[in-house]
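Trainee: what's the 3D shape of this:
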Amino acid sequence: MLRDAARPSWRSARARTDSDLDHLARECHQAVGATAAEAAVALTEDDLAPRPGAAARDPVQEMREKLERMGPVNVLGGRAGAGARGAPPAS
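Mentor: All right, here's what the predicted structure looks like:
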C-alpha cells in the first residue's frame, strides 16, 4: 500500500526533472548554438584546463556587487504605482 502511495510523487518528480532538463537543454542550445553533446565534442584541452584567477569568488563580495548595481531601494515604498496605503491605482 505504501508503495502505491509513493508512485504519484515519484512520477511527478520525474516529470518535473525531465521538464527542467529539456528546458535547460533548449536554453543552452540557444545560448551556445550547439547541443551539449556537440559542444562537448568541440572542447579542447585548453578549454578543460583551469584558468588562473578563475577560482571560486567570494559569495559575499558577489552579493555586495549585485546590491551596488541595484542602487538605492526604498523598502518602505511599497509597489511601484501603488496608491495610498498600498491600494492598486485607480483604473
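
Trainee: What is the strand or helix carrying residue 69 packed up against?
Mentor: Here residue 69 sits within helix 59-70, counting by DSSP states H and E. For helix 59-70, there is no helix or strand it packs on, judged by 3 or more CB pairs under 8 Å, 6 or more residues apart in numbering; DSSP states H and E. Bear in mind the C-beta positions are built from the backbone N, C-alpha and C, glycine included.

Trainee: And the strands in the protein, which stretches?
Mentor: Using DSSP state E, no strands are assigned anywhere in the chain.

Trainee: so where's it shaky on pLDDT?
Mentor: Along the chain, the parts satisfying pLDDT under 70 run over 1-8, 53-57, 78-91.

Trainee: Grab the most central residue of the protein for me.
Mentor: Central residue of the chain (CA atoms, centre = their mean): residue 24, 9.8 Å from the mean position.

Trainee: Run the chain-centre distance for the helix holding residue 69.
Mentor: Taking CA atoms, centre = their mean, to the nearest Å, one finds helix 59-70 lying 17 Å from the centre of the chain it belongs to.

Trainee: repeat for stretch 42-61
Mentor: Remark: stretch 42-61 is offset 20 Å from the chain centroid, using CA atoms, centre = their mean.

Trainee: what's the longest helix anywhere in the chain packed up against?
Mentor: For the chain, the longest helix by residue count, based on DSSP state H, is helix 2-32. In terms of contacts (3+ CB pairs under 8 Å, 6+ apart), helix 2-32 is packed against helix 36-42.

Trainee: what's the burial count for the closest residue to residue 35 other than its chain neighbours?
Mentor: The shortest distance from residue 35 to any non-neighbouring residue, by CB to CB, 6 or more residues apart in numbering, is to residue 29 (5.6 Å). Residue 29 has 14 neighbours, counted by other CB atoms under 10 Å.
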